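# sequence first, then the predicted structure, then my questions.
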Amino acid sequence: MARHLHLDPVGGIAGDMFAGAMLDAWPELGEGLVAALHDAGLSDDVTVTWERVTDEVLAGTRFVVADPRERGRHVPPSNLVLQRGAGAHAHVPYRDVRARIRACSLAPAAKERALDIFALLAEAEAAVHGIACADDVELHEVGAQDAIADVVAAAWLIDRCQLCSASAGPVPLGAGRVESAHGLLPLPAPAAAHLLRGFATVDDGRKGERVTPTGCAIFKHLAPAATAPPGTLGVTGIGWGTKRFVGLPNVLRVLELDLGAAATLDRGLGRDTVALLSCDIDDQAPEDLAIAVDHLRAHHGVLDVSQAAAVGKKGRMSIVLHIVARLGTEETVARAVLAETTTLGVRVTRADRIVLPREQVTRGDLRGKRVRRPDGVVTTKAESDDLAELPSAAARAQRRRDVEGV
């Protein structure tokens with residue numbers, strides 16, 4: 001199933017609203033989410049729950065983080081701040097939170113998503129507060145628990161739902177002023193406005209805080225397109241925020257679209273657009289480059305990575321790295337390439353694809369991808385990772401036959 005997520009920010013977007021909407025759509029994921037949050041560094045004395053909420057017009061789910069150090073859940077306009085003296089709360093450096101997530105046992109794709117959302121958030125806060133390096137950004141200790149819960153919940157839920165793309169309607173900006181640790185700040189909060197650059201917004205005439213920096217970092221991470229592609233509507237979810245607006249439900253709605261089902265209507269063929277990234281590398285050790293390629297394949301925006309040998313300048317043997325990525329993730333994928341390899345630049349283009357919709361099938365502990373070819377023939381390909389532990393080529397061939405006969 002090619003699962004697409006459309007965001008409808010009726011009341012706005014915040015981290016807890018996104019988590020609530022996703023749990024409303026897929027409530028079966030709740031139990032695993034709590035374990036993932038505490039594994040990623042959420043304090044043992046912090047509890048995470050979700051509750052049904054209705055205003056007698058719309059029913060949905062509210063994601064609640066209860067910290068004994070605060071009365072109720074409070075999401076300040078900026079959880080990430082530069083420490084300016086002792087202050088009222090202890091502080092947690094962003095780099096420490098990042099190290100904590102890197103060391104935890106989240107699935108690699110979920111971990112990469114959480115790290116990317118936190119990086120976007122820290123970079124935005126550094127930019128608006130005039131901090132030269134994002135590593136110097138710090139979190140209020142209490143705010144850090146909210147941020148960890150919201151960011152890791154979003155990353156884990158996106159990964160578990162196996163989203164392939166996203167789109168969103170215009171985001172309401174809100175208006176007015178809000179109290180913060182630094183005094184009154186304009187709305188939308190500066191970091192939220194920084195993260196929303198390039199995305200469509202709307203003024204619906206209602207004031208107040210409509211978007212939070214954490215919510216906007218999740219939004220930017222998803223790199224949503226402005227319009228939803230054709231698809232078959234699946235589950236929907238509504239996530240409630242804590243504020244109340246007169247005549248407007250403060251909710252974020254998510255809608256699942258099955259793009260594969262829509263593509264099947266077109267004689268089994270689908271179309272999409274992807275980003276193509278490439279670079280030349282002639283000065284990186286092969287064993288280190290192999291590790292880098294493995295890391296890039298695990299990046300949330302990457303669909304495929306391949307290498308080709310080439311002769312570069314001055315007759316040097318080099319490797320040309322080709323990466324296929326989801327549209328809208330070019331910047332984060334390019335940043336990963338520049339961090340993992342010795343290249344000094346990445347070429348980026350876009351390309352249209354004609355693809356076959358696929359579905360995952362299982363037989364025992366083996367998975368496979370099944371597609372229907374244009375001539376009507378159905379083929380299945382076993383997942384090679386599930387065969388890696390088998391002791392011989394003959395054993396692997398036999399198990400391939402088992403799953404490919406599904």
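Alright, I've got the coordinates. What you are looking at is a predicted structure, and each value in this text was computed from that prediction instead of being measured.
# and stretch 368-382, what's buried?
Under the neighbour-count criterion of 16 or more other Cβ atoms under 10 Å, stretch 368-382 has 368, 371-372, 380, 382 buried. All C-beta spots, glycine's among them, are computed from the backbone N, C-alpha and C.
# and these, which is closest to Gly174?
Closest approach to Gly174 among the buried residues of stretch 368-382 (Cβ to Cβ): Val371, at 45.4 Å.
# the closest one sits in which helix or strand?
Element membership for Val371 (DSSP states H and E) is strand 366-372.
# ok, Ala132 - how many residues close by?
Neighbourhood size, Ala132 [other Cβ atoms under 10 Å]: 7.
# would you agree it falls within a strand?
No - under DSSP: H, G, I helix; E, B strand; the rest coil, Ala132 falls outside any strand and is assigned coil.
# in this structure it contacts Ala126, no?
Yes - using Cβ atoms under 8 Å, Ala132 is in contact with Ala126, at 7.5 Å.
# what is the neighbour count of the nearest residue to Cys133 once chain neighbours are set aside?
Of all residues not flanking Cys133 in the chain, Ala126 sits nearest, at 6.9 Å (Cβ to Cβ, 6 or more residues apart in numbering). When neighbours are defined as other Cβ under 10 Å, Ala126 has 21 of them.
# name the nearest residue to Val202, sequence neighbours excluded.
That would be Pro170: by Cβ to Cβ, 6+ apart, it lies 3.9 Å from Val202.
# now do the contacts for the one you found.
9, 200-202 (Cβ atoms under 8 Å, 6 or more residues apart in numbering).
# swap the cut-off to 10 Å and go again
Applying Cβ atoms under 10 Å, 6 or more residues apart in numbering, we find Pro170 in contact with 8-9, 199-204, 226.
# buried subset of those residues, written for PyMOL?
Those of these that count as buried under 16+ other Cβ under 10 Å are selected in PyMOL with:
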select buried, resi 8+9
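# Serialize the contacts of Pro170 to JSON lines and add fields for distance to Ala193, secondary structure and pLDDT.
As requested, the contacts of Pro170 are exported to JSON lines (distance: Cβ to Cβ, whole Å; DSSP: H, G, I helix; E, B strand; the rest coil; pLDDT from 0 to 100):
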{"residue": "Asp8", "distance to Ala193": "21", "secondary structure": "strand", "pLDDT": "97"}
{"residue": "Pro9", "distance to Ala193": "15", "secondary structure": "coil", "pLDDT": "97"}
{"residue": "Phe199", "distance to Ala193": "11", "secondary structure": "coil", "pLDDT": "91"}
{"residue": "Ala200", "distance to Ala193": "14", "secondary structure": "coil", "pLDDT": "92"}
{"residue": "Thr201", "distance to Ala193": "9", "secondary structure": "strand", "pLDDT": "94"}
{"residue": "Val202", "distance to Ala193": "14", "secondary structure": "strand", "pLDDT": "93"}
{"residue": "Asp203", "distance to Ala193": "14", "secondary structure": "coil", "pLDDT": "90"}
{"residue": "Asp204", "distance to Ala193": "17", "secondary structure": "coil", "pLDDT": "89"}
{"residue": "Ala226", "distance to Ala193": "18", "secondary structure": "coil", "pLDDT": "86"}
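# from the contacts of Pro170, pick the one nearest Leu289.
Phe199 (35.2 Å).
# could you measure from the residue nearest to Val202 over to Val10?
As judged by Cβ to Cβ, to the nearest Å, Pro170 and Val10 stand 11 Å apart.
# what do the two both touch?
By the contact definition Cβ under 10 Å, 6+ apart, Pro170 and Val10 are jointly contacted by Asp204.
# mind listing what the strand of greatest length in the chain pairs with, with the direction of each?
Secondary structure of the chain read by DSSP state E shows that its longest strand is strand 270-281. Here strand 270-281 is paired, per DSSP bridges, with strand 317-326 (antiparallel), strand 347-355 (antiparallel).
# worst average pLDDT in the ones you listed?
Of all those, mean pLDDT reaches its minimum on strand 347-355 (a mean of 85).
# what angle do that strand and strand 366-372 make?
Relative orientation of strand 347-355 and strand 366-372, computed by axes from the mean of the first three to the mean of the last three Cα atoms, to 10 degrees: 70 degrees.
# buried set for strand 347-355?
For strand 347-355, burial by neighbour count (16+ other Cβ under 10 Å) applies to 348, 355.
# just say helix, strand or coil for the closest residue to Thr342 other than its chain neighbours.
Nearest non-adjacent residue to Thr342, counting by Cβ to Cβ, 6+ apart: Gln284, 4.4 Å away. Under three-state DSSP, Gln284 falls in the coil class.
# surely Gln284 touches Gln307?
No - contact criterion Cβ atoms under 10 Å: Gln284 and Gln307 do not qualify, at 11.4 Å.
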